[in-house]
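Novice: Following is a predicted model, sequence given first.
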There are 2 protein chains.
Amino acid sequence: MADDPPRPTDAELEILTVLWSIGRATVREVHEVISRRRPAQYSTVLKFMQIMAEKGLVRRDETQRAHIYQAARPREWTQRQLAGDLMERAFSGSAKALLMGALAARKATREELAEMRKLLEAYRKGEK
Amino acid sequence: MADDPPRPTDAELEILTVLWSIGRATVREVHEVISRRRPAQYSTVLKFMQIMAEKGLVRRDETQRAHIYQAARPREWTQRQLAGDLMERAFSGSAKALLMGALAARKATREELAEMRKLLEAYRKGEK
DNA sequence: TGCCATATACGAAGACCTTACTAGTAAAGC
DNA sequence: GCTTTACTAGTAAGGTCTTCGTATATGGCA
């Protein structure tokens, strides 16, 4: 497996999010999704995706004229990196502190709280 | 109250962490703590703290020759911003997903898991 | 075969981030 | 008082991030 890609920037993360959600896609398709939310030039999105290919954040298939892109790492992998990085840098490595921050930022629903409790429970029983 | 300060950069967050831990401090004191961990020029730290003052991330008392700095916002406030921001951008607003990422990044101890469970419990009972 | 639509590639500007040197100034010590 | 020391401010270089205009290539179709 190749080297780990670097932490994505804000704009790069936005594109990765689109790729994770729709899977393999052309620049045009990604641009369409993004420009539905905010103004963005096609060439800007293209540029980002070229840079991301260089960085190893995405892989691309160039056999077609319109290159096909896909995220180089699954969503969960990147989420783990990002959560771990922030936990380290801003919460002195404490998952509990990070959880507190998240709950303070946006109140979770009763259901979400229950699911999280189940998650912790699973971890307690020697979950890997 | 003044405008919310922007999200701190990596280097800024490192300095804030020092300020939160030792409270009010001069550039020299902050520099000493940081250079104990990694090479860093005094003037670099100074420059950062000047920029942070402009951005509103820190406040400074200039009555002494050696200015006294302090974080403009408490640690918890900034942690809430950062957790909320990442939760929004990388976890589509799901606290549960963020928690999963954090747990996957670094296995929590049994005690930490228990404390987190208690935390969720408290939230369930209409905690503010 | 030549034109049009649509791709990619390239270049570049402007903001911000990181780092560090140096000039100038104020305090402190001799 | 004068020198040394310590601090701030200013300047600048080099890198990254974000944005976009434009040039160039390619495939399809009339």
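Specialist: Looks like it came in fine. Numbering: from 1, shown residues only, chains lettered A, B, ... in the order given.

Novice: Low-confidence bits of chain A, can you list those?
Specialist: By pLDDT under 70, the low-scoring segments of chain A are A:1, A:127-128.

Novice: That one: strands as residue ranges?
Specialist: Here chain A has its strands, by DSSP state E, at A:58-61, A:68-71.

Novice: okay, the ones you listed, which one's buried deepest?
Specialist: Highest mean neighbour count of these: strand A:68-71, a mean of 20 (counted as mean count of other CB atoms under 10 Å in any protein chain shown). Where C-beta positions appear, they are placed from N, C-alpha and C, glycine not excepted.

Novice: What is that strand packed up against?
Specialist: Counting contacts by 3 or more CB pairs under 8 Å, 6 or more residues apart in numbering or on different chains; DSSP states H and E, strand A:68-71 is packed against helix A:10-22, strand A:58-61.

Novice: again, 10 Å this time
Specialist: Packing contacts for strand A:68-71, counted by 3 or more CB pairs under 10 Å, 6 or more residues apart in numbering or on different chains; DSSP states H and E, involve helix A:10-22, helix A:27-35, helix A:42-55, strand A:58-61.

Novice: Chain B: which of these is closest?
Specialist: Shortest distance between chain B and the helices and strands packed on strand A:68-71, using CB to the nearest CB, is found for helix A:10-22: 5.7 Å.

Novice: Next, the buried residues of that closest one.
Specialist: By 16 or more other CB atoms under 10 Å in any protein chain shown, the buried positions in helix A:10-22 come out as A:11, A:12, A:13, A:14, A:15, A:16, A:17, A:18, A:19, A:20.

Novice: and chain A, which residues reach DNA strand C?
Specialist: Contacts of chain A with DNA strand C, taken as CB under 7 Å from any atom of the strand, map to A:26, A:27, A:28, A:42, A:43, A:46, A:47, A:50, A:62, A:65, A:66, A:67.

Novice: what about the nearest residue to the fourth one once chain neighbours are set aside, neighbour count?
Specialist: It stands for residue A:42. Leaving aside its chain neighbours, residue A:42 sits nearest to residue A:31 (5.0 Å; criterion: CB to CB, 6 or more residues apart in numbering or on different chains). Residues lying near residue A:31 (other CB atoms under 10 Å in any protein chain shown) number 22.

Novice: My read is that residue A:31 contacts residue A:47, right?
Specialist: No. Using CB atoms under 10 Å, residue A:31 is not in contact with residue A:47, being 11.2 Å away.

Novice: which neighbours do these two share?
Specialist: residue A:41 (CB atoms under 10 Å, 6 or more residues apart in numbering or on different chains).

Novice: domains for chain A, by residue range?
Specialist: For chain A, automatic domain parsing gives the domain ranges A:1-90, A:94-128.

Novice: Dump those domains to CSV, plus distance to DNA strand D.
Specialist: What follows is the domains of chain A, written out as CSV (distance: least, CB to the nearest atom of the strand, whole Å):
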stretch, distance to DNA strand D
domain A:1-90, 3
domain A:94-128, 21
